[in-house]
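> what's the 3D shape of this:
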Amino acid sequence: MPSPRTRRILLWTGLPVLALLVLVVVWSWAWFIPLVERQASAALGRPVTVGGLAVHPGRLTDIVLSDLRIANPEGFPEDPPLASIPRLSLRIDVMAFIRGRRLVIPEIALDEPRVALRQDAEGRNNYTFTSPSSAGAPAEGEAAEEGPAIGALTIRGGQVHAQLARLGADMTVQVDSGASAGQQAADQLRALAEGTYARQPIKGELLGGAVLSLRDPENPWPIRLSIENGPTRVSLQGTVRDPVRMAGANLRLELSGPDMAQLTPLTGVPIPATPPYRVSGQLDYAEGKVRFTGMEGRVGDSDLSGDIAVDPHPARPVVNATLRSRRVDLDDLAGFIGGTPGDRPAPAARGRRGKMLPDTPVNLPRLQAADIHLTYDGAQIRGRNMPLDDLHAKLDIVDGAIALHPLRFGVGSGRIEGDFDFAPLDNGGLHAKGEVKFQRVDLSRLMGVTPLGEGQGRIGGSASIDARGRSLAEMLAQGNGALTLGMAGGNLSALLVDISGLQLADAILSALGLPNRTPVQCFIADMRLQRGMLNTRTVLLDTESALISGFGDINLRDERLDYTLRTEPKHFTVGALSTDILIRGPFSGPSVLPEPVELGARAGAAVGLGLLFPPLAVLPTIRFGIGEDQRCEGLVRRAR
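Modelled structure (predicted):
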């Protein structure tokens, strides 16, 4: 019989051994499933369930999860869940974690994973995670914690089904990284997409290199992507050193299609309508921005080059672009100002009966989708009858507010330069403010686009506008502003056609008793716009034979003219009638008639320049920016 001491030794050693043997016999890794579910659910911010758990310990420990399911957030149906994976295998390097506290996962394998991405019309989706762990994100300036190092990734028979209402998408993507009927090498990643995107058919294929090279900086990961989305074609080919972090990209991107606006759903960046295009360049990711550099191509009849950087900010993407054209056709840029680009026929206007000012509503919803900072230079402007030489524009769009500072055109030795601001209104319209300067603009260049094609002189002056409305007609009907112009030299008939924009030149010249080709010594105009009424302060035309003044109102609200032109002959002519010419009626068809009462009162009178001429009184106060010119000096001396 054992001694008491022996019995005590057997008791204290035997019981732990027996307990260990019992634990080995009844041990189940399933005991840890609730712990795994709690940890995963807390990390993702939604329920995660695991059907089975198996662990094979060792220096490289294998962990197998079966029937893994990640649920949808509240407000979405339970089935299908966001993700379901019948089998997920992980191989973890335990020694790497013990020695350096680094999580190294040499292999991950997913068997027949299913992912269902959903987004409703209000923008709510099931794939945005709001995990409590996000509160512990590193502060600005702190280094982010390094993620796990992943080696081989194997996906067998994967499928992603995306139904995204706001993007008009309903497509299925088949994903596999194993050999497939000789079409791909073992471990090569392949994804095939088919369905609809932006409410147009989409087909796409992605071929990636061996997944073993995902985190191998010495072996860049090759990638080839082709997408057909309706008529739009996208091709991407090159290598990425670190696909997980999108770092070290050396990719060539080619884009082509009938309209760049159709790229908006693919890129997430609002792009105006354009004519057919084809561009290519280098795509990479650095400093948290997607960059498209060394871009070259054509948009309509214009060449285009430059660099674009997109910062995918969580609130709105921020786009910085510097673009250039050696030769640009302004028709190709019409979409950037709400027009119809290229040679497309303009859409039918809603037009009001008998009205001429365009009343098509301004539409700006997409301008709030991103903040855009664009600098554009066109070295040579081309096109039929084009008086402009070059173009420089700096555009900034921040929170829907648009600033064009400046928009500048070269015209011969002069230029037209403007600063404009546009702010969206709650009713869908715009608050527009702008100032334009005309600096020694060559009149012959402007008149060269008219059938007359004659004239000389330089125009200087300025214009301003402050208006609100949902269309150009509404803005002008309520706007305030000013217009001041001065010109030395030229010819009257061409000037009338070019300045007025109305088909009244012949009728006005005939009523004034002037020949069709009357040289202009000096032209001066100073007008004010108040709540849609354009009032004349001074309008003077100094020709070889007469001095012509204009006064009256131009009603932009009702689109009507109530204007008077008066001719004062410089030389005595027997039988000359110096009477007022009345221009009355709607913009679409005004009448040009002599003033009957004054005609009778002044019949047979020859009135010289010395007669009362009030418009000259304000002439010395006007600054025109045309420089010194002797042809206007006489008019200025008489005014003083």
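
> now the stretch 401-550 of the chain, which segments are flagged as low pLDDT?
Applying pLDDT under 70 to the stretch 401-550 of the chain flags residues 446-457, 489-518.

> What of the stretch 251-400 of the chain?
In the stretch 251-400 of the chain (pLDDT under 70), the answer is 313-314, 337-340, 342-354, 362-367, 383-385.

> And the helices in the stretch 101-250 of the chain?
Counting by DSSP state H, counting those that start in this stretch, no segments of the stretch 101-250 of the chain form helices.

> typed the wrong thing, it's the chain
Assigned by DSSP state H, the chain shows helices spanning 4-26, 33-44, 94-100, 264-267, 443-447, 472-478, 492-500, 505-512, 596-601, 630-639.

> Quick check: residue 563 touching residue 554?
Yes: between residue 563 and residue 554 there is a contact under Cβ atoms under 8 Å: 6.7 Å. Placement of C-beta: from N, CA and C, glycine included.

> What does the pLDDT read for residue 16?
The model reports residue 16 with a pLDDT of 64.

> actually residue 152, not the one I wrote
Residue 152 is assigned a predicted lDDT (pLDDT) of 76.

> okay, now it: neighbour count?
By the measure other Cβ atoms under 10 Å, the count of residues near residue 152 is 18.

> for residue 176, same thing?
Counted by other Cβ under 10 Å, the residues lying close to residue 176 total 18.

> Any figure for the gap between the nearest residue to it once chain neighbours are set aside and residue 177?
Excluding the flanking residues, the one nearest residue 176 by Cβ to Cβ, 6 or more residues apart in numbering is residue 190, at 5.6 Å. To residue 177, residue 190 is 7 Å away according to Cβ to Cβ, to the nearest Å.

> Ok, residue 29 next?
Per Cβ to Cβ, residue 29 is found 27 Å from residue 177.

> More neighbours: these two, which one.
Applying other Cβ under 10 Å to residue 29 and residue 177 shows that residue 177 carries more neighbours, namely 23 against 14.

> State the distance from that one to residue 152.
As judged by Cβ to Cβ, residue 177 and residue 152 stand 9 Å apart.

> And for residue 583?
83 Å.

> do residue 57 as well
Distance of residue 57 to residue 152, computed by Cβ to Cβ: 21 Å.

> what's the burial count for residue 296?
Neighbours of residue 296 under the rule other Cβ under 10 Å: 12.

> no wait, residue 58
By other Cβ under 10 Å, 11 other residues sit near residue 58.

> ok, now the one 4 residues further on?
With neighbours defined by other Cβ under 10 Å, the count for residue 62 comes to 14.

> is it in a bridge, and if so with what?
Beta-bridge partners recorded for residue 62 (DSSP bridges): residue 56, residue 91.

> so what's it up against?
Counting by Cβ atoms under 8 Å, 6 or more residues apart in numbering, residue 62 touches 55, 56, 89, 90, 91.

> ditto for residue 58
For residue 58, the contact set (Cβ under 8 Å, 6+ apart) comprises residue 94.

> quick one: it from residue 97, how far?
13 Å.

> Repeat that for residue 163.
Counting by Cβ to Cβ, the gap from residue 163 to residue 97 is 40 Å.

> I'd say residue 533 and residue 557 touch.
Yes: the pair residue 533 / residue 557 is scored as a contact, 7.4 Å apart, by Cβ under 8 Å.

> Need the overlap of contacts for those two.
In terms of Cβ under 8 Å, 6+ apart, residue 533 and residue 557 are not both contacted by any residue.

> So residue 44 versus residue 107, what's the distance?
Distance, residue 44 to residue 107, by Cβ to Cβ: 22 Å.

> Oh, that last question was meant for residue 113, not what I typed.
Taken as Cβ to Cβ, the span from residue 113 to residue 107 is 16 Å.

> Per-residue pLDDT of the nearest residue to residue 534 once chain neighbours are set aside, please?
What sits nearest to residue 534 in space, not counting adjacent residues and going by Cβ to Cβ, 6+ apart, is residue 554, at 4.0 Å. pLDDT for residue 554: 89.

> who does residue 554 bridge with?
Applying DSSP bridges to residue 554 yields these beta-bridge partners: residue 534, residue 561.

> is it true that it touches residue 533?
Yes: with contact defined as Cβ under 8 Å, residue 554 reaches residue 533; the gap is 7.5 Å.

> so what sits against both of those two?
Residues touching both residue 554 and residue 533 (Cβ under 8 Å, 6+ apart): there are none.

> ok, the residue nearest to residue 273 when sequence neighbours are not counted to residue 261 distance?
Distances taken as Cβ to Cβ, 6+ apart put residue 335 closest to residue 273, at 3.6 Å, once the chain neighbours are dropped. Noted for residue 335: a distance of 7 Å to residue 261, by Cβ to Cβ.

> And the two? Which one has more around it.
Between residue 335 and residue 261, counting by other Cβ under 10 Å, residue 335 is the more crowded of the two (21 against 16).

> Might you report the residue contacts of the more buried one?
Contacts here follow Cβ under 8 Å, 6+ apart; on that basis residue 335 touches 261, 272, 273, 274, 341.

> now residue 584
Shown in contact with residue 584 (Cβ under 8 Å, 6+ apart): 561, 562, 563, 590, 591, 593.

> Please name the nearest non-neighbouring residue to the fourth one.
In space, residue 590 comes closest to residue 561 once its chain neighbours are excluded; the distance is 4.8 Å by Cβ to Cβ, 6+ apart.
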